[in-house]
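In: Got a sequence here, can you model it:
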Amino acid sequence: MIGFEQDGRVGRLFLQRASHGNAFTSDMLGRTAEIIETAPGESDVIVIHAVGDDFSLGWDREEPKHPGGPYVGFSEISRVNAAFPAFPGIVVTVIKGRAFGFGLGLAMRSDIAIAAEDARFILDEVSLGFHQCF
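Out: Okay, here's the model as predicted:
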């Protein structure tokens with residue numbers, strides 16, 4: 001659901017779960033963190049984009065609860081969030097369509113975010129009564 005291709009010193013990380021609006025699962029979080037954590041030896045720039053009409057609808061709320069409880073889920077998000085500033089290169093996020101919740105969080109963590117004219121941004125957690133911890 002997360003692809004990665006290397007072209008010279010530029011890595012391309014792409015969300016490829018278009019049938020679900022590229023909503024993130026735990027596996028996608030782990031793979032995203034893994035790529036960004038291991039990229040410094042290979043990449044000076046990482047470009048993040050998505051396949052399909054939307055960048056990401058955020059967290060997949062249909063995914064079963066993690067057996068380790070909410071702390072484990074939060075730890076996975078924290079791992080991704082920590083990987084961005086630790087990456088010594090430049091992270092560029094290219095957004096089209098909707099970038100909601102965690103999808104918007106990725107753009108906010110990036111060094112550069114480029115949005116298409118049709119891009120829409122929502123921190124949907126706010127409407128659910130959760131405060132953001134970016």
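
In: quick one: low-confidence parts of the protein?
Out: 66-67, 70-73, 125-134 (pLDDT under 70).

In: where along it do the strands fall?
Out: Using DSSP state E, the strands of the chain run over 2-7, 10-15, 45-50, 90-95, 98-100, 112-115, 120-122.

In: among those strands, which is the most enclosed?
Out: Burial of the strands of the chain is given as mean neighbour count (mean count of other Cβ atoms under 10 Å); strand 98-100 ranks first at a mean of 24. Quick note: C-beta positions are derived from backbone N, CA and C, even for glycine.

In: C-alpha coordinates for the longest helix anywhere in the chain, PDB please?
Out: Longest helix in the chain, counting residues (DSSP state H): helix 70-86. Presented in PDB, the C-alpha positions along helix 70-86 are these (Å, rounded to 0.1, in the frame of the first residue of the first chain):
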ATOM      1  CA  PRO A  70      -4.200   2.900  21.700                       C
ATOM      2  CA  TYR A  71      -0.700   3.500  23.000                       C
ATOM      3  CA  VAL A  72       0.700   1.200  20.300                       C
ATOM      4  CA  GLY A  73      -1.200   3.100  17.600                       C
ATOM      5  CA  PHE A  74       0.000   6.400  19.000                       C
ATOM      6  CA  SER A  75       3.600   5.100  19.000                       C
ATOM      7  CA  GLU A  76       3.300   4.200  15.300                       C
ATOM      8  CA  ILE A  77       2.200   7.800  14.500                       C
ATOM      9  CA  SER A  78       4.900   9.200  16.700                       C
ATOM     10  CA  ARG A  79       7.500   7.100  14.900                       C
ATOM     11  CA  VAL A  80       6.500   8.600  11.600                       C
ATOM     12  CA  ASN A  81       6.400  12.100  13.000                       C
ATOM     13  CA  ALA A  82       9.900  11.700  14.500                       C
ATOM     14  CA  ALA A  83      11.300  10.300  11.200                       C
ATOM     15  CA  PHE A  84      10.700  13.500   9.300                       C
ATOM     16  CA  PRO A  85      12.900  15.900  11.300                       C
ATOM     17  CA  ALA A  86      15.600  13.200  11.600                       C
END
